[in-house]
Structures are given as C-alpha cells and as structure tokens.
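Chemist: have a look; sequence and predicted model below, questions after that.
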Amino acid sequence: MKNKISRSKDGATNNPRGAAARKDVRRVLIVEDHPIMRSGLVQLISQDTELFVCGEFEDAGHAFGAIERLKPDIAVIDLSLKGSSGLELIKSIKAAYPKLLMLVLSMYDEALYAERVLRAGAAGYVMKQEATEKVLVAMRKVLSGGIYLSERMSSKFMHQLVGGGRTADGGSLIERLSDRELEVFGLIGEGRGTRQIAEQLHLSVKTVESHRAHIKEKLNLSSASELVHRAIQMKQD
C-alpha cells in the first residue's frame with residue numbers, strides 16, 4: 001500500500017511513516033497557488049526518501065508565518081501567488097531567515113526573472129515547462145550548496161560576464177524595470193487590465209497607472225497600445 005500523505009488545516013503535511021523525524025531527511029516547504037500543481041509537487045517530492053514535504057501553502061502570508069514552526073531546509077516558491085508576489089516573499093524570507101534555501105518554480109521566462117530571483121535571495125530557477133525530474137535535480141543542487149539554472153541561462157550569464165555584463169540585444173531595456181514594474185508588465189502581457197492588476201497585486205489603480213507610465217518611459221514606448229504589444233511580445237519570446 002502506498003504511503004498516504006495528509007495535510008492539516010494550517011498547511012503542515014503529516015507523513016505516517018515518520019520520515020520527517022529522520023535526521024538525514026531534508027524538509028521542504030511548497031508555496032504554489034495552483035492546487036493541481038501543488039499536489040503534483042507533493043507527490044513528486046514524496047517519492048524521494050531523502051525529502052519530506054513539511055508544509056504546502058497557496059499564499060505568501062501563511063507560508064511566511066509558518067517557517068518558524070515548520071523549520072524547512074528549502075522552500076520551493078512560485079513567482080505568481082494568490083494575491084501576492086513570490087519575488088517579494090523571497091526577499092522577506094532572505095531578510096528574516098537568511099539560512100533558508102529557496103528554489104523558484106515558475107511559468108515565467110527564466111531569461112527575464114532568473115537574475116532577479118538570485119539577487120533577491122533564491123538559489124535556483126526552474127521553469128514549469130521543464131521535465132518534472134528537473135525539479136528534484138534542482139533541489140538536490142541547491143541543498144548541496146550550489147546554484148541551479150538551465151544550461152541556456154548559465155551560458156548567458158557566462159557570456160555576460162566575459163562581455164562586461166550586458167547583452168547586445170534589447171534585454172538591457174527590460175533590465176531597467178524595477179521588480180514591481182516587471183511584474184506589472186508581465187500581467188499586461190497576460191491581457192490583464194489596470195484594475196485587474198491592481199486587485200491581484202493589492203495596489204491602487206493610481207499606483208498601477210504610475211507603473212505603466214514608468215514602463216513606457218523606460219522602454220521608449222509612446223502609447224498604451226505599444227505597451228500592450230511589447231508586453232505580449234515579451235511573453236511570446
């Protein structure tokens with residue numbers, strides 16, 4: 001009979017075989033707002049006898065509040081969370097729990113976010129489009145003290161290092177955006193309107209409009225239609 005995983009109301013995960021009590025088992029916290037994806041991650045990680053999912057959450061607030069109690073060794077975090085930002089959660093965790101390792105698992109393009117999440121305090125980035133086994137590979141790499149990125153992204157960083165830190169394409173324009181501006185830009189590319197973005201990010205409509213204006217200025221865009229077109233283009237690149 002397969003080992004059954006149960007979850008308490010506060011997000012903690014209970015394993016009846018007592019895997020969490022073994023000293024060689026590393027504790028994993030999952031922060032992912034899609035129930036099917038979250039459940040799949042729990043099942044995938046639970047197949048590894050050296051890993052134990054100590055908690056799973058759909059939002060940043062509850063996840064952050066549970067860290068002290070659950071004492072995870074690593075947190076697997078999505079950038080797009082219910083009513084909050086995964087990037088802001090990473091920064092908060094880094095400030096309060098600097099020893100907690102973090103791995104980002106996201107649908108967003110690694111080329112746009114990898115450098116930002118590393119600066120924020122995470123130690124790896126895996127896109128959801130990658131094969132599922134890459135998640136375990138990335139977790140082991142991060143838990144061993146390394147940094148995990150795709151071969152393509154690692155190569156890009158090496159070329160930037162050799163070439164003085166900048167690419168020759170338009171990527172440098174995107175890099176001018178702040179983390180919040182990039183988040184708003186990404187949501188514009190998903191077809192979200194100003195009010196929808198404001199509600200999702202818990203910002204005022206005026207603040208989102210201000211971010212849109214700054215994005216247009218930094219990317220040398222002259223109209224709202226150009227902004228939307230460029231944001232959609234970014235999603236497709």
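Modeler: Right, received. Where do you want to start? Residues are numbered from 1 along each chain as shown.
Chemist: what about residue 27, is that helix, strand or coil?
Modeler: For residue 27, the assignment made with DSSP: H, G, I helix; E, B strand; the rest coil gives strand.
Chemist: so it makes contact with residue 72?
Modeler: Yes. If you go by C-beta atoms under 8 Å, residue 27 and residue 72 touch, sitting 4.6 Å apart. All C-beta spots, glycine's among them, are computed from the backbone N, C-alpha and C.
Chemist: which one of the two has more residues nearby?
Modeler: Remark: of residue 27 and residue 72, residue 72 carries more neighbours, 23 against 18, as counted by other C-beta atoms under 10 Å.
Chemist: quick one: contacts for the more buried one?
Modeler: By C-beta atoms under 8 Å, 6 or more residues apart in numbering, the contact list for residue 72 reads 27-29, 54-55, 100.
Chemist: okay, now the domains of this structure?
Modeler: In terms of domains, the chain is parsed into 6-151, 171-236 (source: automatic domain parsing).
Chemist: ranking the ones you listed by burial, who's on top?
Modeler: domain 6-151 (a mean of 18; mean count of other C-beta atoms under 10 Å).
Chemist: would you list the domains of the chain in CSV and tack on mean pLDDT?
Modeler: What follows is the domains of the chain, written out as CSV (pLDDT from 0 to 100):
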stretch, mean pLDDT
domain 6-151, 88
domain 171-236, 87
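Chemist: who does the one helix or strand residue 140 maps to touch, helix- and strand-wise?
Modeler: Following DSSP states H and E, one finds residue 140 within helix 133-143. Applying 3 or more C-beta pairs under 8 Å, 6 or more residues apart in numbering; DSSP states H and E, one finds that helix 133-143 contacts helix 35-46, strand 74-77, strand 101-106, strand 125-127.
Chemist: what's that helix in contact with?
Modeler: With C-beta under 8 Å, 6+ apart as the test, helix 133-143 has contacts from 26, 28, 41, 44-45, 48, 51, 73-74, 76, 101-103, 105, 123-124, 126, 147-148.
Chemist: what are the ranges of the helices in the protein?
Modeler: Secondary structure of the chain (DSSP state H): helices at 35-46, 60-70, 86-96, 110-120, 133-143, 151-162, 171-174, 179-189, 194-201, 205-218, 224-236.
Chemist: can I get the ones you listed in CSV with distance to residue 80?
Modeler: CSV is the format used below for these (distance: least, C-beta to C-beta, whole Å):
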stretch, distance to residue 80
helix 35-46, 11
helix 60-70, 11
helix 86-96, 7
helix 110-120, 11
helix 133-143, 17
helix 151-162, 19
helix 171-174, 18
helix 179-189, 8
helix 194-201, 9
helix 205-218, 16
helix 224-236, 13
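Chemist: and the angle for the helix holding residue 140 with strand 101-106?
Modeler: Orientation check (axes from the mean of the first three to the mean of the last three C-alpha atoms, to 10 degrees): helix 133-143 against strand 101-106 gives 160 degrees.
Chemist: helix 133-143 to helix 35-46, inter-axis angle?
Modeler: Using the same axes, to 10 degrees: helix 133-143 against helix 35-46 is 60 degrees.
Chemist: which residues touch the residue nearest to residue 186 when sequence neighbours are not counted?
Modeler: Excluding the flanking residues, the one nearest residue 186 by C-beta to C-beta, 6 or more residues apart in numbering is residue 108, at 6.4 Å. If you count contacts by C-beta under 8 Å, 6+ apart, residue 108 has them with 79-80, 127, 186.
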